[in-house]
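Q: Here's my sequence, what's the structure:
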Amino acid sequence: MRPLRPFNFNTSAELFPAAIRKKKRAGFTYRRFGTAAEAVQFAMEQLPTDSLNGAYLQVEEARFDQNGIRSLYESEAFPLPRRPKPAPAAETDADAA
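A: Down below sits the predicted model:
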């Protein structure tokens, strides 16, 4: 087994979103990014959930599915700011009562 080397978020990447079969609208298509970090951020913050499901990210010879993309985004090594997480609805409902 090859030793794992750290993931390089500065490597160029290609994002291949899944086709949305149920909808007859123009969806997201293949997109190339200057850095893998930008591709991961776009996939997690911009793609609709139905497009992310089945999407994959190609970085050099490595391919990442939806779970792999999510792991990269949640990694401590992810170099870009993440979108703030929305506040849980239960807390706002409790505050109103």
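Q: Spatially nearest residue to residue 83, not counting backbone neighbours?
A: Spatial nearest neighbour of residue 83, excluding adjacent residues (CB to CB, 6 or more residues apart in numbering): residue 45 at 4.9 Å. C-betas here are computed from N, CA, C, even on glycine.
Q: so where do the strands sit in this protein?
A: 13-16, 31-33, 56-59, 62-64 (DSSP state E).
Q: any idea how far residue 11 is from residue 54?
A: Applying CB to CB, to the nearest Å, the value for residue 54 to residue 11 is 23 Å.
Q: what's around residue 56, how many residues?
A: Around residue 56 sit 16 other residues, with neighbours defined as other CB atoms under 10 Å.
Q: Which residues lie in contact with it in this structure?
A: Going by CB atoms under 8 Å, 6 or more residues apart in numbering, residue 56 touches 15, 16, 63, 64, 65, 66, 69.
Q: Distance check, the first one against residue 40.
A: Right, residue 15. Distance from residue 15 to residue 40, by CB to CB: 9 Å.
Q: swap in the fourth one?
A: If you measure residue 64 against residue 40 using CB to CB, the figure is 8 Å.
Q: Compare these two (neighbour count), which wins?
A: Per other CB under 10 Å, whichever of residue 64 and residue 40 has more neighbours is residue 40, with 29 against 22.
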